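Asker: please find the sequence and the predicted model below.
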Amino acid sequence: MELTGKCKEEFEKWQNDCNWFEDLNIYNENYTNIEIFYTLTPSMQYGVLVDYFNSVKIHLEIQNRVIGWNNKDIEYRPCYTTQEGVDFGIHFKAIPEARTQAIEKADELRNEVLNK
């Protein structure tokens, strides 16, 4: 779940400008937001990245659906909503894979805008 290009640069600037960890008492003030971000678990990083992408009008969602004749299996797929409309990713059997796909696609969409 890594950002690339201008999207990564913009995210790092956004990180410096926000105080999303100010209420966390476990960190001292010697750490920057970006340093703290990279210590978070992937699911927590995903939450921060969703906040960033929301701030640039790319809205991410992981949808799930029950599949199979016995309704015991679940598939997950990313959904991206931008000013251009809604797009869906492929289905995955596990949420971490869907999260990774969501961030990679959002990174691609944002870099397209930033590189114009």
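Answerer: Looks like it came in fine.
Asker: ranges for the helices of the protein?
Answerer: For the chain, the helices defined by DSSP state H cover 5-17, 33-37, 42-55, 95-114.
Asker: for these, state which one has the densest average packing.
Answerer: helix 95-114 (a mean of 18; mean count of other CB atoms under 10 Å). In short, each C-beta sits where N, CA and C put it, glycine included.
Asker: including distance to residue 81, could the helices of the chain go into JSON lines?
Answerer: Putting the helices of the chain into JSON lines (distance: least, CB to CB, whole Å) gives the following:
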{"stretch": "helix 5-17", "distance to residue 81": "17"}
{"stretch": "helix 33-37", "distance to residue 81": "24"}
{"stretch": "helix 42-55", "distance to residue 81": "10"}
{"stretch": "helix 95-114", "distance to residue 81": "10"}
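Asker: mean pLDDT for those helices: which is lowest?
Answerer: Here the lowest mean pLDDT among the helices of the chain goes to helix 33-37, at a mean of 82.
Asker: circling back: out of the helices of the chain, which gets nearest to residue 63?
Answerer: Nearest of those to residue 63, taken as CB to CB: helix 95-114 at 8.6 Å.
Asker: and that closest one, how far from the chain's centre?
Answerer: 7 Å (CA atoms, centre = their mean, to the nearest Å).
Asker: for that helix, output the C-alpha coordinates as PDB.
Answerer: Taking C-alpha atoms only, helix 95-114 is exported to PDB below (Å, rounded to 0.1, in the frame of the first residue of the first chain):
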ATOM      1  CA  ILE A  95     -10.100  -7.400   3.000                       C
ATOM      2  CA  PRO A  96      -6.300  -6.700   3.100                       C
ATOM      3  CA  GLU A  97      -6.100  -7.400  -0.600                       C
ATOM      4  CA  ALA A  98      -9.100  -5.200  -1.300                       C
ATOM      5  CA  ARG A  99      -7.600  -2.400   0.700                       C
ATOM      6  CA  THR A 100      -4.300  -2.600  -1.200                       C
ATOM      7  CA  GLN A 101      -6.100  -2.600  -4.500                       C
ATOM      8  CA  ALA A 102      -8.200   0.400  -3.400                       C
ATOM      9  CA  ILE A 103      -5.100   2.400  -2.400                       C
ATOM     10  CA  GLU A 104      -3.200   1.500  -5.600                       C
ATOM     11  CA  LYS A 105      -6.100   2.600  -7.800                       C
ATOM     12  CA  ALA A 106      -6.700   5.800  -5.800                       C
ATOM     13  CA  ASP A 107      -3.000   6.500  -6.200                       C
ATOM     14  CA  GLU A 108      -3.300   6.000  -9.900                       C
ATOM     15  CA  LEU A 109      -6.400   8.200 -10.200                       C
ATOM     16  CA  ARG A 110      -4.700  11.000  -8.100                       C
ATOM     17  CA  ASN A 111      -1.500  10.900 -10.100                       C
ATOM     18  CA  GLU A 112      -3.500  11.300 -13.300                       C
ATOM     19  CA  VAL A 113      -5.000  14.500 -12.000                       C
ATOM     20  CA  LEU A 114      -1.700  15.800 -10.600                       C
END
